[in-house]
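Peer 1: A structural model of the following input is requested.
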Amino acid sequence: MSIKNKRVSLLTYWTSRYVLTLCIGLVLISLIFALWIRHTTLEYRLEMMSFTAEETANRITDTETSKELPGALGDRERFKFRDIDPDVFITNSEGTVISKNRPFDVYTLDFAQLIEDENVEKITIPELEVDYYVIKKEIEIDDEVIGYVFVLESKEQLTKVNQEYGQLAIFIVSLGILGWIAIYFLSRRLSRPIMNVAEAAKQVQDGNYDIQLPSSIKEKEVYELVSSFKDMATRLQQLEKTRAELLAGVTHELKTPVTSISGLLQAVKDGVVTGDEAEEFIKMALVETAKMKTMVGDLLSFNSFAVDAVPVKIDQYEVNQLLGDIISQWEMTHETEQIKIEYKKLFEDRIVSADLVRIQQIVTNLLTNAAQAMPNGGMISISLQNQKSFVEVLVQDTGSGIPQKDQPFIFERFFRGENKKYAVRGLGLGLPLSKMMAQSIGGDLILVNSHQEGTTFKILLKKNE
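Peer 2: Take a look at the predicted model:
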């Protein structure tokens with residue numbers, strides 16, 4: 001694998017990039033602060049030089065009664081402040097140096113020229129090839145200028161801030177270390193649940209659906225990821241179980257009528273039964289054939305709907321009349337002595353867009369399931385409710401209900417709950433097929449609720465308004 005495509009851990013990937021971003025940001029901040037410190041230090045020291053010049057001029061003015069300038073400045077230590085030792089010169093009004101704070105000459109200046117230049121601030125001394133800042137103050141006695149105080153210091157010395165730079169470096173390095181630690185732990189906290197999900201995905205890939213993932217996660221997005229993956233694993237486990245049961249279920253459901261038909265017809269053929277009894281056997285064989293035909297038809301229908309291969313014919317129907325006819329037809333073809341059916345129409349009829357055959361299949365399947373859930377009799381209530389875009393058809397029974405653990409899977413193909421797996425023959429395609437048919441005509445089939453007192457399903461039929 002090339003270096004470009006080399007895979008690295010999430011922790012390493014994000015930590016390295018966060019640290020790089022942090023370092024770049026801290027370097028930029030350091031440069032900005034260094035320039036700011038240099039500028040403010042220069043401004044501060046220039047102000048101190050100006051104060052020194054003014055204080056020196058005032059001292060001379062206060063102590064001299066004559067108009068003669070002092071020959072010496074006295075203790076030069078008093079001119080030193082904050083890491084700089086400026087050069088101080090006192091000149092007469094013509095620019096001749098009368099006094100200075102250094103006992104030797106390091107450079108010469110044309111002070112007469114500096115006096116003439118009223119706006120002088122910065123000069124270059126040829127002997128030293130160094131830039132100097134100049135502060136000039138007038139010495140006045142009785143409103144007469146008798147001389148000048150010049151305070152000079154090199155630009156290099158004025159902007160020298162080694163101590164501040166050291167403090168800034170310590171601060172930036174400390175901030176960088178704290179930032180790296182914070183980024184490392186935050187990245188590890190973010191990457192850990194993702195790593196757990198990745199490990200769980202490998203388990204699922206190997207066929208192990210019994211995964212353990214933490215649920216005490218504060219981050220909303222990470223929690224939703226972990227929760228969704230756990231739900232997906234549970235659903236995959238159920239689908240795997242359903243798939244394992246499918247072959248046995250289909251084989252059992254199709255083998256039973258085939259065996260019955262074969263046995264019944266063989267008895268008639270061998271003359272074991274004759275006359276009326278033989279006729280009864282043939283009728284029984286025809287009933288089993290019809291059951292097998294229904295199951296095979298369910299399989300074909302489901303596969304056709306699954307690939308959108310079955311066209312639907314949408315027409316307009318009055319919903320009260322449509323549901324009434326379907327319920328009456330179901331009552332005539334089923335034994336309903338122990339089952340009471342209650343039908344609540346809309347006060348005002350509404351027109352819905354539907355496929356008559358598909359709606360009849362959906363409602364018939366729900367009514368049949370409701371009857372199977374009430375072997376000792378009960379009530380089925382069908383009520384219509386007018387909504388903004390749909391007419392809701394609520395089908396409610398008083399049966400034993402669907403177990404809570406089975407409810408998330410009732411629309412999964414080939415799923416059969418424990419209550420019906422052995423009590424009622426079938427392939428577990430009724431509800432999934434009904435939902436597909438409802439969606440194919442622009443509606444839906446929804447489980448509203450189910451408990452020990454009964455189950456309620458809702459069919460959505462699209463209104464034509």
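Peer 1: quick one, phi psi at the residue lying closest to residue 400 once chain neighbours are set aside?
Peer 2: Spatial nearest neighbour of residue 400, chain neighbours left out: residue 373 (5.9 Å); criterion: C-beta to C-beta, 6 or more residues apart in numbering. To be clear about C-beta, it is placed using only N, CA and C from the backbone, and glycine gets the same treatment. Backbone torsions of residue 373, given as degrees, to the nearest 10, read phi -80, psi -10.
Peer 1: Would you confirm that residue 373 contacts residue 401?
Peer 2: Yes - in this structure, residue 373 is within contact of residue 401 by C-beta atoms under 8 Å, at 7.5 Å.
Peer 1: who touches both of those two?
Peer 2: Listed as contacting both residue 373 and residue 401 by C-beta atoms under 8 Å, 6 or more residues apart in numbering are residue 455.
Peer 1: so where do the helices sit in the stretch 51-200 of the chain?
Peer 2: In the stretch 51-200 of the chain, the segments counted as helices under DSSP state H, counting those that start in this stretch are 111-116, 155-158, 162-205.
Peer 1: tally of neighbours for the residue nearest to residue 400?
Peer 2: Here the count is done by other C-beta atoms under 10 Å, and residue 373 has 21 residues near it.
Peer 1: Next one, pLDDT for it please.
Peer 2: Residue 373 carries a pLDDT value of 84.
Peer 1: Might you report the residue contacts of it?
Peer 2: Contacts of residue 373 (C-beta under 8 Å, 6+ apart): 397, 399, 400, 401, 455.
Peer 1: Tell me which residues touch the nearest residue to the first one once chain neighbours are set aside, please.
Peer 2: Leaving out its chain neighbours, the residue that sits closest to residue 397 by C-beta to C-beta, 6+ apart is residue 370, at 3.7 Å. The neighbourhood of residue 370, defined by C-beta under 8 Å, 6+ apart, consists of 380, 395, 397, 399, 455.
Peer 1: Lowest-confidence entry in those residues?
Peer 2: Where pLDDT dips furthest among the contacts of residue 370: residue 399, at 86.
Peer 1: check contacts around it.
Peer 2: Counting by C-beta under 8 Å, 6+ apart, residue 399 has contacts 370, 372, 373, 374, 378, 454, 455.
Peer 1: what's the helix or strand for the first one?
Peer 2: Using DSSP states H and E, the element containing residue 370 is helix 356-372.
Peer 1: Distance from that helix to the middle of the chain?
Peer 2: 42 Å (C-alpha atoms, centre = their mean, to the nearest Å).
Peer 1: circling back: make TSV from the contacts of residue 399 and add distance to residue 364 to it.
Peer 2: Output for the contacts of residue 399, formatted as TSV (distance: C-beta to C-beta, whole Å):
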residue	distance to residue 364
370	11
372	13
373	15
374	16
378	18
454	19
455	16
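Peer 1: Taking those, tell me the two that lie furthest apart.
Peer 2: The two members of the contacts of residue 399 with the most space between them (C-beta to C-beta) are 372 and 454, at 13.3 Å.
Peer 1: The two: who's more crowded?
Peer 2: For residue 372 versus residue 454, neighbours defined as other C-beta under 10 Å are more numerous around residue 454 (20 against 15).
Peer 1: Which residues does that one form beta bridges with?
Peer 2: Beta-bridge partners for residue 454, by DSSP bridges, are residue 451.
Peer 1: Now do the same for residue 347: its pLDDT.
Peer 2: In this model, residue 347 carries a pLDDT of 86.
Peer 1: Relative to residue 384, how far out is it?
Peer 2: Separation of residue 347 from residue 384 (C-beta to C-beta, to the nearest Å): 10 Å.
Peer 1: Please apply the same query to residue 234.
Peer 2: 36 Å.
Peer 1: ok, the two, which is more surrounded?
Peer 2: Under the criterion of other C-beta under 10 Å, the comparison of residue 234 against residue 384 puts residue 384 first, with 21 against 14.
Peer 1: For that one, pull up the helix or strand it's in.
Peer 2: In the assignment (DSSP H and E), residue 384 maps to strand 378-386.
Peer 1: show me what contacts residue 273?
Peer 2: 267, 280, 281.
Peer 1: so how many other residues sit close to the closest residue in space to residue 368 that isn't next to it in sequence?
Peer 2: Once flanking residues are discounted, residue 368 sits nearest to residue 334: 7.4 Å by C-beta to C-beta, 6+ apart. Applying other C-beta under 10 Å, we find 12 residues neighbouring residue 334.
Peer 1: I figured residue 334 was touching residue 380, is that so?
Peer 2: No - counting by C-beta under 8 Å, residue 334 stays clear of residue 380, with 10.9 Å between them.
Peer 1: any residues in contact with both of the two?
Peer 2: Here residue 334 and residue 380 have 367, 371 as joint contacts, going by C-beta under 8 Å, 6+ apart.
Peer 1: in which helix or strand would I find the residue positioned nearest the centre of the chain?
Peer 2: Taking C-alpha atoms, centre = their mean, the centroid of the chain lies closest to residue 221, which sits 4.3 Å from it. Using DSSP H and E, residue 221 falls within helix 220-269.
Peer 1: I'd like the average pLDDT over that helix.
Peer 2: Average pLDDT, helix 220-269: 71.
Peer 1: One more: stretch 100-118?
Peer 2: 78.
Peer 1: Which neighbouring elements make contact with the strand holding residue 384?
Peer 2: Packing partners of strand 378-386 (3 or more C-beta pairs under 8 Å, 6 or more residues apart in numbering; DSSP states H and E): helix 319-333, strand 339-344, helix 356-372, strand 390-397.
Peer 1: Tell me the strands beside it, with direction?
Peer 2: With DSSP bridges as the test, strand 378-386 is paired with strand 339-344 (parallel), strand 390-397 (antiparallel).
Peer 1: Show me which residues of that strand are buried.
Peer 2: By neighbour count on 16 or more other C-beta atoms under 10 Å, the buried set for strand 378-386 is 378, 380, 381, 382, 383, 384.
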